[in-house]
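Novice: Turn this into a structure:
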Amino acid sequence: MKDRVRIWAPATVANLNVGFDALGCALNEPGEELIIRRTEEAGIVRIVNIEGAELDLATENNVAGVAAKSLLSALGNPCGLEMELIKKVKPGSGLGSSASSAAGAVVGVNALLEAGLRPDELIPFALDGEELASGARHADNVAPAVLGGLVLNGPDGTIKQIPVPQGWYMVLLHPQITIRTSEARAVLPDVVPLKDAVRQNALFATFLAACYEGNGAEAALNMEDLLVGPHRQRLIPHFDKIRTASIESGVRAVGIAGSGPSSFHIALNREDAQSIASKLSGIMNEASVPFELYITEISLQGAREIS
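Specialist: Numbering: from 1, shown residues only. You can find the predicted model right below:
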């Protein structure tokens, strides 16, 4: 039996403009790591170290701790656990930091105890952790963090993996500011115009059809956000300038990652992605806003054991 596992869990982007609270994808980077060890204290989960973020070490107040304890309990508490978190997905970034932790925790416990659960069977336990962070059991970040790829979360809780758009390069810009999820939801209207809802549905349907047809360019061109982004973008410094610079550099779609402040920018080749990244860096430096920047792709794998 294993005494120790090391897990990598991906960052994620949720909503993807057309799929508010329904779509999410896993990323090749950034990602975070968890180290989980077996102990003799049956049913006891301890978090002994967290690098990269100031988070609570108390198990009941930590997303990874809650998720790990939930699965451990369901497996009959055959042992205890000791966990270390190496946070490279920053909390409050809009890149699914809590989902990465929750997904990594349950994948790690499953691997450590050789329980043999399928990835989709791990999602409810990861959601126990995510609920601590968000106050709701939304799987738009958790599901892709566990399963990888592009995931659609249906209204009845069903989860479907969607063919990943071909040829996408994603530039992620994370301004080092904090936007609370509650604040990002508070700016959204309770009622939207019928014409906008109808067009948004058509864009979502066309996006999904393009994914199944393998047409990455058409998928990106239909990622127009009519309902959420226009209200949230004012929370993100220089967003209009960022979007304009991206479009001028050949980007096919721009959007807010989750509830922000990160934004994603989709190009169809690496050269355009690098050009976009260079312009975005210039804007942030000129505005003296600290930031992180990634050029990445959708990860076909979710959280997994690494050597």
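Novice: Ramachandran coordinates for Thr296?
Specialist: Here is the backbone geometry of Thr296 (degrees, to the nearest 10): phi -150, psi -180.
Novice: and if you look at Asn110?
Specialist: Dihedral angles (degrees, to the nearest 10) for Asn110: phi -60, psi -40.
Novice: likewise Gly229?
Specialist: Taking degrees, to the nearest 10, you get phi -50, psi -40 for the backbone angles of Gly229.
Novice: same question, Ala145
Specialist: Torsion angles, degrees, to the nearest 10, at Ala145: phi -60, psi -30.
Novice: repeat for Glu82
Specialist: phi -130, psi 130.
Novice: Could you check how far it is from Gly129?
Specialist: The gap separating Glu82 from Gly129 is 17 Å, by CB to CB, to the nearest Å. Backbone N, C-alpha and C define where each C-beta goes, glycine included.
Novice: between the two, who's got more neighbours?
Specialist: Gly129 (28 against 17; other CB atoms under 10 Å).
Novice: Can you name the residues that contact the closest residue to that one other than its chain neighbours?
Specialist: Leaving aside its sequence neighbours, Gly129 sits nearest to Ala67 (CB to CB, 6 or more residues apart in numbering; 3.1 Å). Residues near Ala67 by CB atoms under 8 Å, 6 or more residues apart in numbering: Ser101, Ala102, Ala103, Ala105, Val106, Phe125, Ala126, Asp128, Gly129, Glu130.
Novice: now the residues you listed in CSV, with secondary structure and pLDDT?
Specialist: CSV is the format used below for the contacts of Ala67 (DSSP: H, G, I helix; E, B strand; the rest coil; pLDDT from 0 to 100):
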residue, secondary structure, pLDDT
Ser101, helix, 97
Ala102, helix, 97
Ala103, helix, 98
Ala105, helix, 98
Val106, helix, 98
Phe125, helix, 98
Ala126, helix, 98
Asp128, helix, 96
Gly129, helix, 95
Glu130, helix, 93
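Novice: Nearest to Leu71 among these?
Specialist: Distance to Leu71 across the contacts of Ala67 (CB to CB) is lowest for Phe125, with 4.2 Å.
Novice: Now do the closest residue to that closest one other than its chain neighbours, the pLDDT please.
Specialist: Spatial nearest neighbour of Phe125, excluding adjacent residues (CB to CB, 6+ apart): Leu71 at 4.2 Å. Per-residue confidence (pLDDT) for Leu71: 98.
Novice: What count of nearby residues applies to Glu224?
Specialist: So Glu224, with other CB under 10 Å, has 16 neighbours.
Novice: Report the separation between Asn201 and Ser275.
Specialist: With CB to CB as the criterion, Asn201 and Ser275 are 33 Å apart.
Novice: Report the buried residues of the lowest-mean-pLDDT helix or strand in the chain.
Specialist: The helix or strand of the chain with the poorest confidence is helix 181-186; it has a mean of 81 (mean pLDDT, DSSP states H and E). For helix 181-186, a neighbour-count test (16 or more other CB atoms under 10 Å) marks Thr181, Ala184 as buried.
Novice: Distance from that helix to the middle of the chain?
Specialist: 17 Å (CA atoms, centre = their mean, to the nearest Å).
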